[in-house]
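A.B. asks: test case, fold it:
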Amino acid sequence: CRRPQQIGSWIDLLPNAGAGSGRGAQHPVFINQQQQSENLLARIKELKSTSITSDRVPKAPPLKMDLKDFGIGLLTSIDRMQINYSENNSSFLPGYLPTPGFIGTMKPTFGYTIGSQRNVRHIAAQNGWLTTFDQFNQQYSETHNENLDYSINTEPISDLKIDFTGGKTYATNFTENFNTTDTSGDGLSNTYNSLIQNTFGNFNISTSLIKTAFSKSDEVSSAPFEDFKSNRLEIANRLAQNFYGNNTYATDAEGYPLGFGKNSQSVLLPAFLSAYSGKNANKISLDAFRDIPIPNWTLKYTGFMRNKWFKKRFKRFSITHGYRSSYTINQFRTNLDYKAADPTLDYASQNPDVLDQSGNFKAQTLFSNVNLVEQFSPLIKVDFEMKNSIKVTTEIKKDRSLSISFDNNLLTEIQGYEYIFGLGYRIKDLRIRSKLAGPKKVIKSDLPTTPLHQNGEKSTDTDYGIFFVGFGQGFSCNASNYWEKDDIHNQYK
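C.D. replies: Numbers count the residues shown, from 1 in each chain. Have a look, this model is predicted:
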């Protein structure tokens, strides 16, 4: 047999692609959809306004919901919408023996050469194109990256702007140790033998935790954590019914189905997501991954200036509110010790290899750390400038971070509050004598200064030049909750 000269080279669609003893293919997919609706929907708005025009004044029309007007109003409130989707797939097959020619090769298949991700491992082995070297230890690999994000800018009523954003990221890396067998004795491979397969990756998606954002949770007690503990039994029963197909399964002394105990990863993760998202434990998905990113939002209202009282006293007046939340699986990986249980057998008759040290069925995928992060940035912000050029900004921010670790059975919750106050004044028509760029002359202008946050750092989120004198106050709580085999205990630090 021939030993490959170089392991790990790529052949792809790039003009300067090199050749080697490995074959690789990449398949990127990009989709970008953007819609500007100011001009597109102008005609619809015009039709809407003319459709209700009449030559005579109507008599007190009854209050009723017109679905047509509602649909047109909803459609015309969208000023801009953008959706971005990208997907990248690649694979690498080491130990490939044939050498590509001057203009490349169509082997192992034409589709693979132009980027197809069809499985060609067995085809290459059957045609004798893979090495049979007995010390070969390179891994076949596949990568998959998927990114989705969207943004929608709306103005449902005059002077009220709401921006919706959301997104999802999913990335996996599959590796496989393999060897080949020469069954014909000609020194060429005939069969492909898969040895060890492993998949690892990460996941992130926008979500909503607003239902429990203001629930009581401090160093003394936590309402969502109590829900987390109580949700375990409902989740465990759902998992057992899905596995066995009935509800006649055996239970332990506390009522948990055998194989789906209260400390099982399969039970804890849905119970955790259900408790802190405020969803019903009987309806929440039992899968760790989610498909649809829930929109987050930023809201700004400037309509106060339409009121005579505000218009008389202020140059501008606005209120802002923003919300962001995300669900992240930092790392998931294949459980190499996993063996599937038999749903046709009762718990006592199961193979001991399908159970972990706690007596629960082994999970096919292991999760190291799962995070839920929520930010009100800001919870509320009032920003105004008075007629006498005094500018005031008040802002309240709130955030919460939840991290559950299945490696050391630890749940950590951190909460923070921040209060910001800014005060500034613009000096009008300040006279400055200067000789810059010419003879001496008097420059008359307003005095702008660099705006600062309460911590003294430069700010780039304002359009006017003032000096802020402010203060901030923060509060954080680290509630570390851990569970043991017999029960869940709360340890607050």
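A.B. asks: for the stretch 251-400 of the chain, which segments count as strands?
C.D. replies: 296-301, 314-334, 365-386, 390-405 (DSSP state E, counting those that start in this stretch).
A.B. asks: among those, which comes closest to Thr143?
C.D. replies: Taking C-beta to C-beta, strand 314-334 is the member of the strands of the stretch 251-400 of the chain nearest to Thr143, at 14.7 Å. C-beta coordinates here come from the backbone N, C-alpha and C atoms, glycine included.
A.B. asks: about what we covered before: possible to save the strands of the stretch 251-400 of the chain as TSV with mean neighbour count and distance to Lys168?
C.D. replies: As requested, the strands of the stretch 251-400 of the chain are exported to TSV (neighbours: other C-beta atoms under 10 Å; distance: least, C-beta to C-beta, whole Å):
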stretch	mean neighbour count	distance to Lys168
strand 296-301	17	13
strand 314-334	18	10
strand 365-386	18	15
strand 390-405	19	19
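A.B. asks: using the three-state scheme, assign Leu75.
C.D. replies: Using DSSP: H, G, I helix; E, B strand; the rest coil, the structure places Leu75 in helix.
A.B. asks: what's the pLDDT at it?
C.D. replies: You'll see Leu75 listed with a pLDDT of 70.
A.B. asks: so, low pLDDT: which residues of this structure?
C.D. replies: For the chain, residues meeting the criterion pLDDT under 70 lie at 1-71, 73-74, 101-106, 114-115, 429-430, 434-438, 442-493.
A.B. asks: just give me the residue closest to the centre of it.
C.D. replies: Centroid check for the chain by C-alpha atoms, centre = their mean gives Ile205 as the closest residue, at 2.1 Å.
A.B. asks: who's in contact with the closest residue to it other than its chain neighbours?
C.D. replies: Spatial nearest neighbour of Ile205, chain neighbours left out: Lys168 (4.4 Å); criterion: C-beta to C-beta, 6 or more residues apart in numbering. Lys168 makes contact with 146-149, 204-206, 290, 293 under the criterion C-beta atoms under 8 Å, 6 or more residues apart in numbering.
A.B. asks: let me have those in CSV, extended by distance to Phe214.
C.D. replies: CSV is the format used below for those (distance: C-beta to C-beta, whole Å):
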residue, distance to Phe214
Glu146, 34
Asn147, 32
Leu148, 30
Asp149, 28
Asn204, 25
Ile205, 23
Ser206, 20
Arg290, 24
Pro293, 23
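A.B. asks: out of these, which one sits closest to Phe361?
C.D. replies: Using C-beta to C-beta, the contacts of Lys168 come closest to Phe361 at Arg290, 23.1 Å.
A.B. asks: burial of the closest one, as a residue count?
C.D. replies: By the criterion of other C-beta atoms under 10 Å, Arg290 has 16 neighbours.
A.B. asks: for the one 4 residues further on, same thing?
C.D. replies: When neighbours are defined as other C-beta under 10 Å, Ile294 has 18 of them.
A.B. asks: can you give me the angle the helix ranked longest in the chain makes with strand 390-405?
C.D. replies: For the chain, the helix with the greatest residue count under DSSP state H is helix 223-244. Per axes from the mean of the first three to the mean of the last three C-alpha atoms, to 10 degrees, the angle that helix 223-244 makes with strand 390-405 is 40 degrees.
A.B. asks: mind checking the SS state of Phe178?
C.D. replies: Per three-state DSSP, Phe178 ends up strand.
A.B. asks: wait, it sits on Ser141?
C.D. replies: No. Using C-beta atoms under 8 Å, Phe178 is not in contact with Ser141, being 11.1 Å away.
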